[in-house]
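[1] Here is a sequence together with a model predicted from it:
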Amino acid sequence: MLPDFRAATHLVPARDRVMGVALGILVMWFVFDQLWPRRISTVLQRILGNMLDAETKLRSIDQLSDLAEAARALSRLRVAVTTDLESVHRLESAVYFDFGRGYERELVLGRRLIRKIRASAAEFYAEVLRLRNEGSLQARRA
């Protein structure tokens, strides 16, 4: 970037860089906000659906007779829920940067979804603890 070792006297390179950055920002805004928007609330709704599905699957694990299969299924569900919670943790601050039409509505919806996801995860882990306690009792009886 330094063609020679003397002070620059032309402003053309600086102008070109500023124009390039401005054009890049404009194109990114057009693509990600106008042409192909992906709202945080949409992603959070999908994660909430995953959490509710995990709770349903967890209740079906309780009916499995094979303890090894139940343990593997429980482990898979815990990994999926933990991964989703990590995603929520990252998306929590991104809710504030989701600008555009309906910003206030998206902000309120995002906060509400995050609370529902956390409550669902707490219920999931409480049910996991209950299953573990019952499972350990079954193992002692055998």
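    Okay, I see it. This structure is a prediction, so every number in the text was calculated from the model and none was measured.
[2] Nearest spatial neighbour of the most centrally placed residue in the chain, chain-adjacent residues omitted?
    Nearest residue to the geometric centre of the chain (CA atoms, centre = their mean): residue 87, 2.7 Å. Among residues not flanking residue 87 along the chain, residue 47 sits closest, at 6.2 Å (CB to CB, 6 or more residues apart in numbering). From N, CA and C alone the C-beta is placed, and that goes for glycine too.
[3] Same check on residue 74?
    Once flanking residues are discounted, residue 74 sits nearest to residue 61: 5.7 Å by CB to CB, 6+ apart.
[4] try residue 100
    The shortest distance from residue 100 to any non-neighbouring residue, by CB to CB, 6+ apart, is to residue 33 (5.0 Å).
[5] what number of residues lie near the residue nearest to residue 74?
    Residue 61 has 19 neighbours, counted by other CB atoms under 10 Å.
[6] For it, grab phi and psi.
    Main-chain torsions, residue 61, degrees, to the nearest 10: phi -60, psi -30.
[7] Now do the contacts for it.
    Residues near residue 61 by CB atoms under 8 Å, 6 or more residues apart in numbering: 70, 73-74, 77, 131.
[8] quick one: which of these sit in helices?
    Among the contacts of residue 61, the subset assigned to helices under DSSP state H consists of 70, 73-74, 77, 131.
[9] Now do the buried residues in stretch 46-64.
    Using 16 or more other CB atoms under 10 Å as the burial criterion, the residues of stretch 46-64 that qualify are 47-48, 50-51, 54-55, 58, 61.
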